[in-house]
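Student: build the 3D model from these lines:
(one chain, ligands or ions: 1)
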Amino acid sequence: MIRILFLVILCCQFLIISSQSIRPSEYCGTSKSCQKKMLENAALDPIVHQDHQTTIYLPLQVHNVGDDGGKYYFDIVGVYDALCRVNKDFEPTGVQFFLESEINYIGKTSWNNHPDYSDGEDMMHQNNFSNRINCYLVANPAGNCGYYTYSGDAIALSKNCISPSQHTWAHELGHYFSLPHTFFGWEGLTYDSKKTTSDWQKDVFTEIEDLSKSNCNQQADNFCDTPPDYLSYRWNCNSRNVSGVTQTDIHGNYFNSDGTLFMSYSNDGCSSRFSNEQNQKMLSNIENRRRYLTRPDVKPVFIEEDSFANLLPLDSAILPHKKLIFSWDSVENAKQYIFKIARSKNMKFELQTIITSTNFISIDTLVPGRTYYWSMRAVNDFDFCGIQTKLFTLQTKSITDLGQSQSIDEISVYPNPVQIDQSIRVTFGKKLVENISLYNLSGIKVDLGNKITREEQFAKVQLVNIPKGIYFLHVNTSTGKTIKKLIIQ
Ligand SMILES: [Zn+2]
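Tutor: Numbers count the residues shown, from 1 in each chain. Presented below is the predicted three-dimensional model:
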């Protein structure tokens with residue numbers, strides 16, 4: 001049997017080796033033996049009754065795997081989006097994940113595309129961080145959307161299966177915390193109602209679950225609140241979230257599989273939950289076997305609603321298309337900012353996504369005479385979903401408008417670099433300047449007090465008692481903001 005499996009894997013290897021974007025042929029590759037061990041171990045663990053007042057925060061280590069040349073890594077914004085989904089999926093369980101250290105980038109083609117589980121396990125053995133939930137994002141996790149293995153004690157996930165609408169990561173974490181499939185026993189078999197269920201029993205390697213619940217804690221996944229399910233292939237649910245395929249239990253009773261459970265093979269649009277018993281079993285696994293993951297002293301930080309202030313340009317601004325600056329006040333607890341700009345309101349056709357830790361960005365990719373839609377999001381290592389601004393619009397000036405206004409609107413700073421304790425002159429021509437402010441490299445505002453003297457077409461700024469360094473001078477005008485780099489030496 002092992003030899004046959006090896007041959008199958010070898011065949012697949014030749015089919016998919018050349019492609020970087022590999023569509024998984026199977027949903028989950030967590031083996032039968034792994035799941036059997038989960039059940040055996042779980043049976044020994046005392047049940048833990050969770051105090052739902054306290055959320056358990058567990059450290060998750062993301063390993064972003066690319067090729068030998070350091071290409072084909074999973075997009076960092078995609079990592080935040082996927083983790084946002086995972087924490088939403090786990091929210092009702094009382095378990096949440098956070099990043100205890102930075103994403104680990106690994107450039108190795110034979111791990112990124114590993115048709116063979118042994119290469120994946122080799123990757124895990126060599127790269128796992130101790131006392132973390134190690135998750136590897138790869139192009140090809142042995143032909144699956146994902147898998148968990150006991151030997152590697154880590155999860156491998158296909159970059160094709162972790163979009164914000166997919167639940168593969170939650171499913172594999174379920175395995176990580178000892179949950180088998182709801183259809184456990186049927187892996188590798190294709191249920192057909194023409195064959196009687198008593199005939200199936202010799203092929204199914206657990207006791208087939210029936211509707212009576214009289215022996216449910218010995219059947220399939222051993223949970224009594226996950227109903228019978230014989231479907232070991234990906235299936236879609238109907239409007240009632242159950243399978244279209246009707247199955248017959250050993251006593252001749254009909255049923256349809258519950259599509260809402262993450263541990264079934266229902267499509268992503270159907271699944272949304274773990275059952276209570278599954279939840280309890282995961283908590284018991286954490287308490288008994290994975291206590292090393294718990295961080296009782298961790299202080300989670302979140303970003304508050306409406307935290308964005310002084311975002312510029314203002315909504316509906318009309319601006320030149322070149323060297324556009326977007327700026328905002330630093331948001332408390334934010335680690336990174338995600339800026340998105342698109343041509344359409346639904347943000348489907350994004351022109352540019354920028355992730356930054358500074359509080360401004362500059363873009364130079366727009367064309368004149370167009371309407372654009374943009375938004376900002378602040379995230380951190382606990383708050384992966386973060387806080388998102390509303391959708392802003394901006395219009396770029398048409399080419400004819402630009403010809404008339406560009407030369408007289410130019411803002412300039414002189415001298416730059418400037419000697420310490422000296423003054424600069426900010427010339428703004430016919431622009432209406434609302435205010436001038438100075439920020440250091442950490443985004444902290446430097447108090448200029450009453451050191452700005454305004455004239456009609458320029459302002460004089462005395463830089464007294466400001467240390468040497470690189471600064472950003474923000475000049476707010478009626479049409480937007482200009483940011484100039486200023487060096488004090
Ligand atoms: Zn699975």
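
Student: and residue 434, what element?
Tutor: strand 433-440 (DSSP states H and E).

Student: tell me the first helix or strand C-terminal of that strand.
Tutor: strand 445-446.

Student: show me what that next one is packed up against.
Tutor: If contacts are counted by 3 or more Cβ pairs under 8 Å, 6 or more residues apart in numbering; DSSP states H and E, strand 445-446 sits against strand 433-440. Every C-beta, even on glycine, is put in place using the N, C-alpha and C of the backbone.

Student: and the contacts of the strand it packs on?
Tutor: Strand 433-440 is contacted by residues 359, 426, 445-446, 448, 452, 454, 459, 461, 466, 469-478, 486 when judged by Cβ atoms under 8 Å, 6 or more residues apart in numbering.

Student: out of the residues you listed, which are buried?
Tutor: The neighbour-count test (16 or more other Cβ atoms under 10 Å) marks 359, 426, 446, 448, 452, 459, 461, 466, 471-477, 486 as buried among the contacts of strand 433-440.

Student: looking at these, which is nearest residue 178?
Tutor: For residue 178, the nearest member of the buried ones among the contacts of strand 433-440 is residue 359. The distance, counting by Cβ to Cβ, is 43.7 Å.

Student: wait, doesn't the closest one sit right on residue 330?
Tutor: Yes: between residue 359 and residue 330 there is a contact at 4.8 Å, judged by Cβ atoms under 8 Å.

Student: of the contacts of strand 433-440, which are in range of the ion?
Tutor: Near the ion, taking Cβ under 5 Å from the ion as the test, no member of these is found.

Student: what does the residue of the chain found nearest the ion show for phi and psi?
Tutor: With Cβ to the ion as the measure, residue 28 is the residue of the chain nearest to the ion, at 2.9 Å. Main-chain torsions, residue 28, degrees, to the nearest 10: phi -140, psi 140.

Student: and for residue 216?
Tutor: According to degrees, to the nearest 10, residue 216 has phi -60, psi -30.

Student: can you list the strands that the strand holding residue 434 pairs with?
Tutor: When pairing is defined by DSSP bridges, strand 433-440 lines up against strand 445-446 (antiparallel), strand 469-477 (antiparallel).

Student: apart from its chain neighbours, what residue comes closest to residue 421?
Tutor: residue 464 (5.5 Å; Cβ to Cβ, 6 or more residues apart in numbering).

Student: distance of that neighbour relative to residue 397?
Tutor: In this view, residue 464 and residue 397 are 38 Å apart by Cβ to Cβ, to the nearest Å.

Student: ok, the two, which is more surrounded?
Tutor: Legend: neighbour count by other Cβ atoms under 10 Å for residue 464 and residue 397, higher for residue 397 (20 against 12).

Student: contact partners for the more buried one?
Tutor: 318, 319, 320, 321, 368, 369, 405 are the contacts of residue 397 under Cβ under 8 Å, 6+ apart.

Student: take these and lay them out in CSV including secondary structure.
Tutor: Below are the contacts of residue 397 laid out as CSV (DSSP: H, G, I helix; E, B strand; the rest coil):
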residue, secondary structure
318, strand
319, strand
320, coil
321, coil
368, coil
369, coil
405, helix
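
Student: of those residues, buried ones?
Tutor: When the contacts of residue 397 are checked for burial by 16+ other Cβ under 10 Å, the buried set is 319, 320, 321, 368.

Student: just the pLDDT at the second one, thanks.
Tutor: The predicted structure scores residue 320 at 84 on the pLDDT scale.

Student: for it, phi and psi?
Tutor: In terms of degrees, to the nearest 10, the main-chain angles of residue 320 are phi -70, psi 150.

Student: in this structure it contacts residue 398, no?
Tutor: No: checked against Cβ under 8 Å, the pair residue 320 and residue 398 is beyond contact range at 10.5 Å.

Student: shared neighbours of the two, anything?
Tutor: Among the neighbours of residue 320, those also in contact with residue 398 (Cβ under 8 Å, 6+ apart) are residue 368.

Student: got a pLDDT number for the residue lying closest to residue 61 once chain neighbours are set aside?
Tutor: Closest residue in space to residue 61, ignoring its immediate chain neighbours: residue 132 at 3.9 Å, by Cβ to Cβ, 6+ apart. Looking at residue 132, its pLDDT reads 98.

Student: quick check: residue 132 touching residue 100?
Tutor: Yes: with contacts counted by Cβ under 8 Å, residue 132 reaches residue 100, the gap being 6.5 Å.

Student: and these two? which has more neighbours close in?
Tutor: Between residue 132 and residue 100, counted using other Cβ under 10 Å, the more crowded position is residue 132 (20 against 17).

Student: who's in contact with the more buried one?
Tutor: By Cβ under 8 Å, 6+ apart, the neighbours of residue 132 are 59, 60, 61, 100, 293.

Student: how close does it get to residue 283?
Tutor: When residue 132 is compared with residue 283 (using Cβ to Cβ), they lie 19 Å apart.

Student: and residue 21, what's its pLDDT?
Tutor: So, for residue 21, pLDDT stands at 62.

Student: and what of residue 361?
Tutor: 89.

Student: run a quick check on it versus residue 339, I expect a contact.
Tutor: Yes: counting by Cβ under 8 Å, residue 361 does reach residue 339; the two are 5.6 Å apart.

Student: re earlier: which of the buried ones among the contacts of strand 433-440 lies closest to residue 202?
Tutor: The closest of the buried ones among the contacts of strand 433-440 to residue 202 turns out to be residue 359 (Cβ to Cβ; 66.0 Å).

Student: find the nearest non-adjacent residue to the closest one, please.
Tutor: residue 443 (4.2 Å).

Student: and if you look at residue 228?
Tutor: Going by Cβ to Cβ, 6+ apart, residue 228 has residue 209 as its nearest residue, at 4.1 Å.

Student: gap between residue 433 and residue 64?
Tutor: 44 Å.

Student: quick one, which of those two is more surrounded?
Tutor: residue 64 (22 against 18).

Student: what packs against the host helix or strand of the more buried one?
Tutor: Per DSSP H and E: residue 64 is located in strand 56-66. Applying 3+ Cβ pairs under 8 Å, 6+ apart, one finds that strand 56-66 contacts helix 76-90, strand 95-98, strand 104-107, helix 109-112, strand 133-138, helix 276-288.

Student: now the angle from that strand to helix 276-288?
Tutor: 90 degrees (axes from the mean of the first three to the mean of the last three Cα atoms, to 10 degrees).

Student: ok, strand 56-66: who's next to it in the sheet?
Tutor: When sheet partners are counted by DSSP bridges, strand 56-66 sits next to strand 95-98 (parallel), strand 104-107 (parallel), strand 133-138 (parallel).

Student: chain center to that strand: distance?
Tutor: Relative to the chain's own centre, strand 56-66 is displaced by 11 Å; criterion: Cα atoms, centre = their mean, to the nearest Å.

Student: can I get that strand in PDB, CA atoms only?
Tutor: Coordinates of the C-alpha atoms in strand 56-66 are reproduced here as PDB (Å, rounded to 0.1, in the frame of the first residue of the first chain):
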ATOM      1  CA  ILE A  56      -6.800  32.400  25.200                       C
ATOM      2  CA  TYR A  57      -4.100  34.000  23.000                       C
ATOM      3  CA  LEU A  58      -1.800  31.600  21.200                       C
ATOM      4  CA  PRO A  59       1.400  32.500  19.300                       C
ATOM      5  CA  LEU A  60       1.200  31.600  15.600                       C
ATOM      6  CA  GLN A  61       4.400  31.600  13.500                       C
ATOM      7  CA  VAL A  62       4.000  32.200   9.800                       C
ATOM      8  CA  HIS A  63       6.600  30.800   7.500                       C
ATOM      9  CA  ASN A  64       6.300  32.400   4.100                       C
ATOM     10  CA  VAL A  65       8.000  30.000   1.600                       C
ATOM     11  CA  GLY A  66       9.200  31.200  -1.800                       C
END
